[in-house]
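Trainee: Okay, sequence plus prediction incoming.
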Amino acid sequence: MKKLQILFLFLSVSAIVGFKCTKKTYKNSENKIVTGAEQTEKYLNLLKGKRVGVLANPTTVIGKSHLVDSLQKLGINIGKVFGPEHGFRGNASNGAKVNDEVDEATGIKIISLYGKKRKPTPEDLADVDIMIFDIQDVGCRFYTYINVLRDVMESCAENQKTLLILDRPNPNGYLIDGPIMDMRLKSGIGQFPIPIAHGMTIGEFAQMINGEGWLPNNLQCSLNIIKVLNYKHDMEYTLPVKPSPNLNTQQSVMLYPTICMFEGTIISQGRGTYVPFTVLGSPLLKGKYEFTFKPESIKGMSESPLHINETCYGLDLMQYDIEKLRKSKRLNLQWMIDLYKAYPQKDKFFDRTQSKQMGNIDYLAGVYEFRKQIEEGKNAEEIQKSWEPGLSEYKKMRMKYVLYE
């Protein structure tokens, strides 16, 4: 564990330095990436004199300042803020219910969309003239912010409000892979017939929701999208702010589309350590692997992680070369295949049925076949071939809504 903590400190410092270097590089370049939020000249006039609602979290920033703080200083009337999973300030653990509150820093009322309700009510929007959606997504079906997007779009459409989307790059925008979700498995971690990695920004995904009729009762949400400048889907983009408590390094963000699948297994993904989604292991893999880590209760990240206080043996992916994933443009299924083969109690490998959603491989994969394919010893190529023709059809459909090359 001590070795793991030292590595984490090294990675954290490296990540911070990396963020600063990226900023400096862009500052001196005519082709720097400029997020929608940073282009205030394009949307301030849309907000002046209006009562504004904002869907926001800690990634909702302009440089080092929170968007809400910046807009208030510019004289914009922010009436209320809506918070998604992890809350407005990002201090809630994964899956934890979040209550309404008043923000201590601004005095603004914060309405949780990850507690008693999932979308703004007519009462919530009665004193709102325009809604802003600005949170950082990571491009995965089971990352819940696209569900929040759909819910906010539905409320805006029902209450005749325009949704202003301040678009941000998708750090996994290069990746479009995985089986198309079987809608019989629709759940809190899968709402749409899309692959695991969808390859779209929030702005593009909003257009897809409208265009594919994914709002009920043929509703259409009025959208105004401020595009990212100088962005292409295959660009490397280092996030300036962690998108959620357990995606706390750039490495974890890039590995997430593949590693999150292990939440449907008995293998720990490092929740309960300071390097989640960059390690994999289990106590029963002792003798199979030398690398170790020990999950513990960490407030604000994971209070009751799998294999808490047990030494886990497995894979260290903290230094894994992400360029291999970028070049392959595929999810890495080999880690799942190898760990299943190494696990001594194969009938227990996928036995996490205490939850119908998170903890069940069928809901995470989005199809019933994936579990069987691993158990039958299918190789990665065979499994990925089974995702066709659905994956190719999705890629063709997606092109109707893309805003960037």
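Mentor: Okay, I see it. Numbers count the residues shown, from 1 in each chain.
Trainee: G203 and K227 touch, don't they?
Mentor: Yes - G203 sits in contact with K227 when judged by Cβ atoms under 8 Å, with a separation of 6.6 Å. (C-beta placed from N, C-alpha, C; glycine too.)
Trainee: Neighbour count: the two, which is higher?
Mentor: G203 (26 against 18; other Cβ atoms under 10 Å).
Trainee: For the helix or strand the more buried one falls within, buried residues please.
Mentor: Per DSSP states H and E, G203 falls inside helix 202-211. Judged by neighbour count (16 or more other Cβ atoms under 10 Å), helix 202-211 contains these buried residues: I202, G203, E204, F205, A206, Q207, M208, I209, N210.
Trainee: who touches both of G203 and K227?
Mentor: Residues touching both G203 and K227 (Cβ atoms under 8 Å, 6 or more residues apart in numbering): G36, D167, L403.
Trainee: out of those, which are inside strands?
Mentor: Among those, none falls in strands (DSSP state E).
Trainee: ok, of those, which come out buried?
Mentor: G36, D167.
Trainee: now the shared contacts of G203 and K227 as CSV including distance to I196?
Mentor: Converted to CSV, those look like this (distance: Cβ to Cβ, whole Å):
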residue, distance to I196
G36, 25
D167, 22
L403, 22
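Trainee: export stretch 369-384 as CSV, just CAs?
Mentor: Output of stretch 369-384 as CSV, limited to C-alpha atoms (Å, rounded to 0.1, in the frame of the first residue of the first chain):
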residue,chain,number,x,y,z
GLU,A,369,-24.4,-12.0,-24.4
PHE,A,370,-21.2,-10.5,-23.0
ARG,A,371,-21.1,-12.5,-19.8
LYS,A,372,-21.6,-15.8,-21.7
GLN,A,373,-18.9,-14.9,-24.2
ILE,A,374,-16.4,-14.4,-21.4
GLU,A,375,-17.4,-17.6,-19.7
GLU,A,376,-17.2,-19.6,-23.0
GLY,A,377,-13.7,-18.4,-23.6
LYS,A,378,-14.3,-16.2,-26.6
ASN,A,379,-11.4,-14.1,-27.6
ALA,A,380,-11.6,-10.3,-27.9
GLU,A,381,-11.9,-10.3,-31.7
GLU,A,382,-14.8,-12.8,-31.6
ILE,A,383,-16.6,-10.7,-29.0
GLN,A,384,-16.1,-7.4,-30.9
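Trainee: where does the stretch 251-400 of the chain have low pLDDT?
Mentor: 352-359 (pLDDT under 70).
Trainee: Do you have the strands of it handy? List them.
Mentor: Secondary structure of the stretch 251-400 of the chain (DSSP state E, counting those that start in this stretch): strands located at 279-282, 291-293, 312-316.
Trainee: Tell me which of the ones you listed sits most buried.
Mentor: strand 279-282 (a mean of 27; mean count of other Cβ atoms under 10 Å).
Trainee: ok, and what's touching that strand?
Mentor: Outside strand 279-282, the residues that reach it (Cβ under 8 Å, 6+ apart) are 4, 259, 262, 266-270, 273, 289, 291-293, 307, 312-318, 335, 339, 343.
Trainee: repeat that with 6 Å
Mentor: I267, S268, G270, F293, C312, Y313, G314, L315, D316 (Cβ atoms under 6 Å, 6 or more residues apart in numbering).
Trainee: Give me the neighbour count for the first one.
Mentor: Translated: I267. The number of residues near I267, taken as other Cβ under 10 Å, comes to 29.
Trainee: which strand is the longest one in the chain?
Mentor: Longest strand in the chain, counting by DSSP E: strand 77-83.
Trainee: elements contacting that strand?
Mentor: strand 51-55, helix 67-73, strand 109-112 (3 or more Cβ pairs under 6 Å, 6 or more residues apart in numbering; DSSP states H and E).
Trainee: could you give me the average pLDDT of it?
Mentor: Averaged across strand 77-83, the pLDDT comes to 93.
Trainee: Past that strand, which element shows up next along the chain?
Mentor: strand 101-102.
Trainee: neighbouring strands for that next one, and are they parallel or not?
Mentor: Strand 101-102 sits in its sheet next to strand 109-112 (antiparallel), going by DSSP bridges.
Trainee: From the chain's centroid, how far away is the strand it pairs with?
Mentor: 21 Å (Cα atoms, centre = their mean, to the nearest Å).
Trainee: Can I get the following helix or strand past that strand in CSV, CA atoms only?
Mentor: Scanning forward in sequence from strand 109-112 by DSSP H and E, the next helix or strand is helix 122-125. The C-alpha trace of helix 122-125 is given here as CSV (Å, rounded to 0.1, in the frame of the first residue of the first chain):
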residue,chain,number,x,y,z
PRO,A,122,-42.5,23.0,-13.5
GLU,A,123,-42.2,24.8,-10.1
ASP,A,124,-38.4,24.7,-10.4
LEU,A,125,-38.5,26.3,-13.8
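Trainee: Quick one: residues in contact with helix 122-125.
Mentor: Against helix 122-125 from outside (Cβ under 6 Å, 6+ apart): I111, N159, K161.
Trainee: Next: stretch 38-57.
Mentor: For stretch 38-57, using Cβ under 6 Å, 6+ apart, the contacting residues are 62, 68, 76-82, 84, 90, 127-133, 135, 152, 226.
Trainee: same question, stretch 303-319
Mentor: By Cβ under 6 Å, 6+ apart, stretch 303-319 touches 7, 93, 268, 271-272, 275, 278-283, 285-286, 289, 291-295, 297.
Trainee: What residues sit buried inside that stretch?
Mentor: Those would be P305, L306, H307, E310, C312, Y313, G314, L315, D316, L317, M318, for stretch 303-319 by 16+ other Cβ under 10 Å.
Trainee: And for stretch 166-186?
Mentor: Neighbour-count burial for stretch 166-186 [16+ other Cβ under 10 Å]: 166-182, 185.
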